[in-house]
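Participant: model the structure of this input:
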Amino acid sequence: MMVIIVAYGFSGILIFGKNIKSFSGFKKTSYALFEMGLGRPFGDVFAEDMKRVDRVMGPLYYSTFVMVFMVYLMNLGVGMLCTWLSYCQTSDDIEVDTATGDYFWNSFRSLLGMRHEAQDSDDEAPLPDYFMDETLQRTDAVLQEVERVTDLMYKFECKERGSTSTDSNA
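Facilitator: This next block holds a predicted model:
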């Protein structure tokens, strides 16, 4: 990923650096590339300036960067799926992992408009006790954190209202 950012960064500086302020330095160019990688439309990202500098290289630079970046992200996603698949093939506790994988696979299929395949497994089978215990512990920890943050926000709000009411009384 760094190779892509560095290569496009230096080429952006060489092509647009003298004419566009956002491409005048490597830090600024990297920030512009980061914005483009996050999906900022070409019209919002220096389109007129890039076309003014070079009518062909401006759109070509933007479109090739976005395509290369998307291919990289798709490759990253496929790599994560392959890692998950190899883990599931070697895992001793395959039931919970398989259920998670089936959920994601069925969600992906429904996103593409494909129908779900009928499941032969018993969907009413209870989850293992350790799984339920871990889930309850995580849920309890999250709820305690939410309660702590809510209390802090409430105290802060009360303090703000107290200082505002004393200011208005004075």
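Participant: all contacts plus neighbour counts: C-alpha atoms, from now on.
Facilitator: Fine.
Participant: pLDDT below threshold where in the chain?
Facilitator: 45, 88-89, 91-98, 113-127, 163-170 (pLDDT under 70).
Participant: tell me where the longest helix sits in it.
Facilitator: helix 129-169 (DSSP state H).
Participant: which elements pack onto it?
Facilitator: For helix 129-169, there is no helix or strand it packs on, judged by 3 or more C-alpha pairs under 8 Å, 6 or more residues apart in numbering; DSSP states H and E.
Participant: for the spatially most central residue of the chain, what are phi and psi?
Facilitator: Centroid-nearest residue in the chain: residue 38, 9.1 Å away (criterion: C-alpha atoms, centre = their mean). Main-chain torsions, residue 38, degrees, to the nearest 10: phi -80, psi 0.
Participant: same check, this time on residue 43
Facilitator: Per degrees, to the nearest 10, the backbone of residue 43 is at phi -60, psi -30.
Participant: and for the one 4 residues further on?
Facilitator: The main-chain torsion angles of residue 47 are listed as degrees, to the nearest 10 and equal phi -60, psi -50.
Participant: ok, it - contacts?
Facilitator: 58, 59 (C-alpha atoms under 8 Å, 6 or more residues apart in numbering).
Participant: sec struct for residue 40, please.
Facilitator: coil (DSSP: H, G, I helix; E, B strand; the rest coil).
Participant: tally up the residues packed near it, please.
Facilitator: By other C-alpha atoms under 10 Å, the residues close to residue 40 number 14.
Participant: against residue 49, how distant is it?
Facilitator: 16 Å (C-alpha to C-alpha, to the nearest Å).
Participant: how about residue 90?
Facilitator: Distance from residue 90 to residue 49, by C-alpha to C-alpha: 54 Å.
Participant: who has more neighbours out of the two?
Facilitator: residue 49 (15 against 9).
Participant: show me what contacts that one?
Facilitator: Contacts of residue 49 by C-alpha under 8 Å, 6+ apart are residue 20.
Participant: where's it, which helix or strand?
Facilitator: helix 47-53 (DSSP states H and E).
Participant: so how far is residue 73 from the residue nearest to the centre of the chain?
Facilitator: The value you get for residue 38 to residue 73, if C-alpha to C-alpha is used, is 11 Å.
Participant: check residue 57 too.
Facilitator: From residue 57 to residue 73 the distance is 24 Å (C-alpha to C-alpha).
Participant: now do residue 66
Facilitator: With C-alpha to C-alpha as the criterion, residue 66 and residue 73 are 10 Å apart.
Participant: the two: which is more packed in?
Facilitator: residue 66 (19 against 14).
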